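[1] Everything below, folded, please.
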Amino acid sequence: MKNFAWVLAVLFLASGAAAEEPNVGPGGYEMTTYYVGFLYRGAKWTPEETAETRKLQEEHMANIQKMAAAGKLVIAGPFVDNGDLRGLYVFRVTSAEEAKALVESDPAVKAGRLRFELHAWYAARNITVTPRKQEAR
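    All right, here's what the predicted structure looks like:
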């Protein structure tokens with residue numbers, strides 16, 4: 001009977017059902033893993049602005065808003081040095097697979113205009129960007 005109780009305790013702990021200790025990093029910050037997608041010029045990148053590229057950019061931006069509204073995307077933005085690295089996404093999701101699926105949902109990625117690399121990033125939990133309040137006129 002003692003062995004049975006021990007086995008149950010091990011299974012309980014292995015299942016993750018036990019309360020987890022917060023993961024505390026330097027400075028006492030609670031830490032977590034984010035997933036960062038770096039967006040690069042893809043095989044179908046062109047510098048020309050056309051009706052097609054404008055439409056693709058609008059769809060790209062709408063997708064960003066959709067991911068943000070779903071609480072999956074913490075921050076996104078372009079790099080402005082006109083290099084091959086075009087932008088980034090920082091996701092707060094449960095797995096690399098989920099982050100990959102979100103990046104692959106990007107219309108510009110689907111079209112081959114952008115390609116991506118995905119990396120796990122360990123940082124302070126609950127980082128956010130707080131928009132400024134608009135001043136009363």
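[2] Wasn't M67 part of a helix?
    Yes: membership of M67 in a helix is supported by DSSP: H, G, I helix; E, B strand; the rest coil.
[3] residues in contact with the closest residue to it other than its chain neighbours?
    Leaving aside its sequence neighbours, M67 sits nearest to L73 (C-beta to C-beta, 6 or more residues apart in numbering; 3.8 Å). For glycine as for every other residue, the C-beta is placed from the backbone atoms N, C-alpha and C. Going by C-beta atoms under 8 Å, 6 or more residues apart in numbering, L73 touches 64, 67, 89-92, 102.
[4] Could you tell me which residues within the one helix or strand H60 maps to count as buried?
    Per DSSP states H and E, H60 falls inside helix 51-69. Neighbour-count burial for helix 51-69, counted by 16 or more other C-beta atoms under 10 Å, picks out 53, 56, 60, 63-64, 67.
[5] Can you pull out the residues in contact with stretch 111-121?
    Identification of contacts with stretch 111-121 by C-beta under 8 Å, 6+ apart yields 33-46, 53, 56, 60, 86-87, 90, 96, 99-100, 103, 106, 108-109.
[6] What segments of this protein are strands?
    Using DSSP state E, the strands assigned to the chain run over residues 31-41, 73-78, 85-91, 114-124.
[7] which helices and strands does the third one pack with?
    Just to be clear, that refers to strand 85-91. Under the contact criterion of 3 or more C-beta pairs under 8 Å, 6 or more residues apart in numbering; DSSP states H and E, strand 85-91 touches strand 31-41, helix 51-69, strand 73-78, helix 96-104, strand 114-124.
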